[in-house]
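Undergrad: Give me a 3D structure for the following:
(4 chains)
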2 protein chains.
Amino acid sequence: MAIAPTEVAAAREAWPLVMRLVFANKASFVSAMAEFDLTPVQAHVLRILEPGRSLTMNDLAEELRCDASNVTGLVDRLEHRRLVERRPGNRDRRVKELSLTRAGATLRRRVLARMSEPPPELVRLSVRDQRQLRDILRRALES
Amino acid sequence: MAIAPTEVAAAREAWPLVMRLVFANKASFVSAMAEFDLTPVQAHVLRILEPGRSLTMNDLAEELRCDASNVTGLVDRLEHRRLVERRPGNRDRRVKELSLTRAGATLRRRVLARMSEPPPELVRLSVRDQRQLRDILRRALES
DNA sequence: TATTGTTATACTCTATAACTATA
DNA sequence: TATAGTTATAGAGTATAACAATA
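TA: This is a model prediction of the structure:
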């Protein structure tokens, strides 16, 4: 059965609101991460790099949705601060395995806690709305 | 009455989901805007600069939440493409009034239409969920 | 030959500080 | 003196292309 054009009408109205919400809080996110001496992208790297997990440089580029050449400098800066470390791959010596240091894991916890802090627009919603929003987003992102 | 800590628990769960949704679609947004030869920030300028409205350079910096020194180059590039134009302020000759050209207004319509196109995560929601999401976000952003 | 990561290069965005021309 | 906008400068993120080491 073909999907009628009206099926996405509400999504088309909702999506710009999502972007407005995020954009309105962008500056606050940037300055919150700056308190950890992190740029937004560096913060995302910490988020992606779960403790115990290890990623190759290519994996990270893919998760960040950017060209692989960028992660060299990005990881350089984090490694220089001893937040992450490169280790040579066991099987394939071309590969670098990237992982968090102890200090990186500690900072990651603080960063994630700060990233989860909801903006005033969500805080002032009723608890009922907050829960519905959470549930709808879970359904959207699942699978 | 003090707000109990549990009041924001659901918002704290919802907010990272919002960011995940946006982050997952960032690359798609960047390449969509690139088809118009626009960077994301340039696209935001077009969105902010409604036809008929005019803004000073300082106003634009404020709306973009960036330092005023940045908008000089940003507007230079858009003006060079004849999408926006600077006109001297009437009363105060220090001020530049910024507005869309005809070409800018035309491109703006296409850009806004593209920006409103919802990502697959929202499209596959039920119509009921789409509407609730829209309504909750409207309540969050109102006032 | 193909792949992983790096380097070289160029452009945009960003902030800070100093400057200009008005007010 | 104060303000609007610009310029100078520096650093970070981004892409493309070329490269070395390894497979």
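
Undergrad: Spell out, range by range, the helices that occur in chain A.
TA: Counting by DSSP state H, chain A has these helices, from start to end: A:9-24, A:26-34, A:40-48, A:57-64, A:68-80, A:102-116, A:120-123, A:127-141.

Undergrad: residues of the last one that come out buried?
TA: For helix A:127-141, the buried set under the neighbour-count rule, 16 or more other CB atoms under 10 Å in any protein chain shown, comprises A:129, A:130, A:131, A:132, A:133, A:134, A:135, A:136, A:137, A:140. C-beta here means a position set from N, CA and C on the backbone, and glycine is covered the same way.

Undergrad: for stretch A:24-42, same thing?
TA: Of all the residues in stretch A:24-42, those buried under the rule 16+ other CB under 10 Å are A:25, A:29, A:32, A:33, A:36, A:38, A:42.

Undergrad: sorry, back to before: got the helices of chain A as JSON lines, with distance to DNA strand D columns?
TA: Output for those, formatted as JSON lines (distance: least, CB to the nearest atom of the strand, whole Å):
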{"stretch": "helix A:9-24", "distance to DNA strand D": "15"}
{"stretch": "helix A:26-34", "distance to DNA strand D": "10"}
{"stretch": "helix A:40-48", "distance to DNA strand D": "4"}
{"stretch": "helix A:57-64", "distance to DNA strand D": "6"}
{"stretch": "helix A:68-80", "distance to DNA strand D": "3"}
{"stretch": "helix A:102-116", "distance to DNA strand D": "13"}
{"stretch": "helix A:120-123", "distance to DNA strand D": "25"}
{"stretch": "helix A:127-141", "distance to DNA strand D": "21"}
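
Undergrad: Would you agree residue A:36 is in contact with residue A:107?
TA: Yes - between residue A:36 and residue A:107 there is a contact under CB atoms under 8 Å: 6.4 Å.

Undergrad: Show me where chain A dips below the pLDDT cut-off.
TA: A:1-6 (pLDDT under 70).
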